[in-house]
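Engineer: Sequence and predicted structure are below.
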Amino acid sequence: MASEANFSAVPVLDFTLLDRGKKDQFIAELRHAVVNVGFLYLANPPVSKELIDSVVDYAPKLFALPQEAKDKLVMRNSPHFLGYNRLGSEFTKGAQDQREQFDIATEYENRWTPGQPDYLRLWGPSQWPDESEIPGFRQTFSAYLRQVEALSFQFTSLLAEALSLPPDAFDPFFNVPKEDMQHRGKVVKYPSVDQVSGSQGVGPHFDAGFLTFLLQASDLPGLQVQNTSGEWIDVLPKPHTLVVNIGKGLETVTQGVTLATSHRVISPPVGSPARYSIPFFQNISLTVRLGEMRLDLPDHILKLKEARGGTGKTESVNFSEYASEPSGLVSLIGRIKSHPDVGERHYPKLFRQLFPQGAPKFGDAY
Ligand SMILES: O=C(O)CCC(=O)C(=O)O
Ligand SMILES: [Fe+2]
């Protein structure tokens, strides 16, 4: 019997159903999408169209800055793993990813002092390009990330309802107040396959945290998600949508009822322009231990998982620590594995525990 999770397309949910007296329909569609697919398009999201147009417009301009200006913002400068990475500096399961990227984040003032756990240093200021080189970039991206942050919290309430939980059921995973948190974003460039060495934009991986909200900033194919039969399903760009997907953290706390789905990006075809994307990764509090925070899911919801049958094909690495460690440590370990050069410089002790033989040449994206 074909399990329901052998989806052949990513469902589209229209956010305006909520304002049109059709919340029940939205919630039912959301339940189906998070349980059986782990990915959805959110059409007409409550994010300003002007801001979306503006960040899409800025993306190529950011990468067109002189190499020297980009290298000034290199991630190695930052204990918060924020900043620039050149093409080819990340690997996924041993194979080189063909993408260039800037990690940025919502504003956050770091209050770590020596003696406190290292993972409390994970959040902090972004490295922004010079205002004179790309005027308005910082303000525009900060405003965009703020709006997606607000959406992300609204979305976790809707998700709670879809799982027959009270709307505030996910609150214990966030800081109090919720605004006292940092969420991460990226601006990513995938050059066409003839410009790079190989077609792996980014290899198959799971996202780590709670929810990801992805803006596909080019009208190009490339993003694909894997169903439980192992087939790769295209997630072609659709105007006025964000792509939303479940991270391993959320999958863990929902006891696997919601699905973190493996996905990858294939480099754009020969001769085509570069593909740009702008993901937003919703974080959870650095201090929560997910293993201690099971949600009280009702039986009829737990049964949806059995009805679904299988889970994704891609092997999951890096997430076993969620069972016992604070989420901040899980994230920090993931970041050091992805960016060993940053780890070696800013977290030498933990770096040596993870890599007793010294630095690998490249880090693993996941
Ligand atoms: O660029 C994309 O479309 C997806 C990127 C992605 O999956 C990631 O960076 O985690
Ligand atoms: Fe991803």
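Structural biologist: In hand now; what should we look at? Ligands and ions are numbered 1, 2, ... in the order given.
Engineer: Once you drop chain neighbours, what's closest to whichever residue of the stretch 101-250 of the chain sits closest to ligand 1?
Structural biologist: Residue nearest to ligand 1 within the stretch 101-250 of the chain: L223 (4.1 Å; C-beta to the nearest ligand atom). (Glycine included, C-beta is placed from N, CA and C.) Distances taken as C-beta to C-beta, 6 or more residues apart in numbering place V235 nearest to L223, at 4.3 Å, with adjacent residues excluded.
Engineer: Count the residues that sit near that neighbour.
Structural biologist: V235 has 23 neighbours, counted by other C-beta atoms under 10 Å.
Engineer: can you tell me which residues contact it?
Structural biologist: Applying C-beta atoms under 8 Å, 6 or more residues apart in numbering to V235 gives the contacts 10, 39, 41, 216, 223-225, 243, 263.
Engineer: one more time with 10 Å, if that's ok
Structural biologist: By C-beta atoms under 10 Å, 6 or more residues apart in numbering, the contact list for V235 reads 9-10, 39-41, 214, 216, 221-225, 241, 243, 245, 263, 265.
Engineer: buried subset of these?
Structural biologist: The neighbour-count criterion (16 or more other C-beta atoms under 10 Å) marks 10, 39-41, 214, 216, 221-225, 241, 243, 245, 263, 265 among those as buried.
Engineer: between those, which is nearest E109?
Structural biologist: L214 (27.1 Å; C-beta to C-beta).
Engineer: Would you mind listing what in this protein touches ligand 1?
Structural biologist: For the chain, the residues in contact with ligand 1 (C-beta under 6 Å from any ligand atom) are 188, 202, 207, 214, 223, 263, 265, 277, 279.
Engineer: Provide the count of other residues in contact range of the nearest residue to S267 once chain neighbours are set aside.
Structural biologist: Counting by C-beta to C-beta, 6+ apart, S267 lies nearest to V193, which is 4.1 Å off, once chain neighbours are set aside. Neighbours of V193 under the rule other C-beta under 10 Å: 19.
Engineer: Could you pull out the helices in the stretch 51-200 of the chain for me?
Structural biologist: For the stretch 51-200 of the chain, the helices defined by DSSP state H, counting those that start in this stretch cover 67-71, 137-162.
Engineer: Report all helices and strands that the shortest one contacts.
Structural biologist: What that stands for is helix 67-71. helix 49-63, strand 83-85 (3 or more C-beta pairs under 10 Å, 6 or more residues apart in numbering; DSSP states H and E).
Engineer: can you do 6 Å?
Structural biologist: Helices and strands in packing contact with helix 67-71 are not found; criterion 3 or more C-beta pairs under 6 Å, 6 or more residues apart in numbering; DSSP states H and E.
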